[in-house]
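Participant: Fold the following.
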Amino acid sequence: MSARKYVKLNVNGKPYEANIEARTTLADCLRHNFKLTGTHVGCEHGVCGACTVLVDGLAVRSCLIFAVQAEGMIITTVEGLSSGNTLSPLQAAFRKHHALQCGFCTAGILTTTHALLSNEPDADANRVREVLSGNICRCTGYVQIIDAVLDARAAYKQGPESGR
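Facilitator: Numbering: from 1, shown residues only. Model (predicted):
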């Protein structure tokens with residue numbers, strides 16, 4: 001018999017609550033309990049980057065953290081990067097540069113690069129490549145992804161919140 005825990009999480013600026021098994025990953029809690037399905041689960045070992053979300057502003061593999069560990073932290077998923085129906089500058093740059101194909105990896109890449117640009121708005125192409133080395137995309141050659149991230153830098157130079 002597994003232990004159940006009641007969790008209260010702050011996700012995308014809203015309170016969420018769930019009674020979950022203590023071993024439920026943050027990824028599974030977001031997807032199954034809160035219906036925030038933008039976070040994808042790929043390898044379940046923290047290697048592919050598809051499940052990356054922001055936890056207190058840091059890019060974190062949500063398949064490697066239990067939901068109960070995230071209590072009291074601010075969680076942002078890909079759904080929280082936009083403002084209603086308005087794309088964030090980073091999302092708009094991805095659209096402009098056709099930086100996605102099947103879209104499975106896109107949420108993780110967006111949250112990863114949002115964290116990067118929030119802290120390093122002047123990141124150059126080499127730095128973007130370095131940070132994205134932990135995100136696997138099987139469809140693209142990353143060229144359009146890098147172009148999109150570089151294009152979005154201007155919005156982040158005005159401050160991290162401008163990137164949203």
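Participant: Which strand or helix spans residue 10?
Facilitator: strand 4-11 (DSSP states H and E).
Participant: Show me which residues of stretch 109-127 are buried.
Facilitator: Within stretch 109-127, the residues scored as buried using 16 or more other CB atoms under 10 Å are 109, 110, 111, 112, 113, 114, 115, 116, 117, 118, 121, 123. To be clear about C-beta, it is placed using only N, CA and C from the backbone, and glycine gets the same treatment.
Participant: do the same with stretch 45-55
Facilitator: 46, 48, 49, 50, 51, 52, 53, 54, 55.
Participant: which residues touch that stretch?
Facilitator: 26-27, 30, 39-43, 59-65, 70, 73-78, 80, 104-105, 107-109, 111-112, 114-115, 134-136 (CB atoms under 8 Å, 6 or more residues apart in numbering).
Participant: what's the answer for stretch 106-113, then?
Facilitator: With CB under 8 Å, 6+ apart, stretch 106-113 has contacts from 38-40, 48-54, 59, 76-78, 81, 90-91, 94, 99-100, 128, 131-132, 134-135, 137, 145, 149, 152.
Participant: Swap in 7 Å and give it another go.
Facilitator: 38-40, 49-54, 59, 78, 81, 90-91, 94, 100, 128, 131-132, 135, 137, 145, 149 (CB atoms under 7 Å, 6 or more residues apart in numbering).
Participant: for stretch 110-125, what is the average pLDDT?
Facilitator: What stretch 110-125 shows for mean pLDDT is 97.
Participant: actually stretch 27-47, not the one I typed
Facilitator: Stretch 27-47 carries an average pLDDT of 95.
Participant: Would you work out how far apart the start and end of that stretch are?
Facilitator: This stretch, stretch 27-47, spans 14 Å end to end (CA to CA, to the nearest Å).
Participant: Same check on stretch 115-127?
Facilitator: For stretch 115-127, the end-to-end distance is 13 Å (CA to CA).
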